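Trainee: Kindly generate the corresponding structure for this input.
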Amino acid sequence: MPEHFKHFQNAACEYFPCHKGIDPAAFNCLFCYCPLFFLADCGGKPSWRGLVKDCSGCSLPHGPGGWEAIQKRLAEAYADLREGRPPRTLGRGREEE
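Mentor: All right, here's what the predicted structure looks like:
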């Protein structure tokens with residue numbers, strides 16, 4: 001089965017590549033705005049400025065395996081919701097439970 005839906009690149013973007021450390025030829029722009037932003041425990045490597053999440057140093061959604069990592073973490077968050085548990089969201093991570 002083709003898996004072209006897992007990768008999109010916009011090399012014409014004025015910010016391309018917006019994150020360092022990934023080969024521009026393999027850079028994936030599909031998750032330009034990360035769907036895991038609302039999760040404190042997103043699986044990436046964000047930095048924090050108080051309660052402000054800064055993802056500029058994170059390359060998780062943009063490198064090889066990023067699509068799979070995003071899907072896995074979203075599935076975990078939705079499983080939490082289905083079980084009546086809050087997902088690991090901003091201000092309420094698993095470590096606080």
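
Trainee: ok, residue 59 - how many residues close by?
Mentor: A count of neighbours around residue 59, defined by other CB atoms under 10 Å, yields 18. Every C-beta, even on glycine, is put in place using the N, C-alpha and C of the backbone.

Trainee: Next up, the contacts around the nearest residue to residue 6 once chain neighbours are set aside.
Mentor: Nearest non-adjacent residue to residue 6, counting by CB to CB, 6 or more residues apart in numbering: residue 67, 4.0 Å away. Applying CB atoms under 8 Å, 6 or more residues apart in numbering, we find residue 67 in contact with 6-7, 28, 30-31, 61.

Trainee: isn't residue 42 right next to residue 76, touching?
Mentor: No: at 10.4 Å, residue 42 does not count as touching residue 76 under the criterion of CB atoms under 8 Å.

Trainee: shared neighbours, those two?
Mentor: Common neighbours of residue 42 and residue 76 (CB under 8 Å, 6+ apart) do not exist.

Trainee: out of those two, which sits in the more crowded spot?
Mentor: residue 42 (25 against 14).
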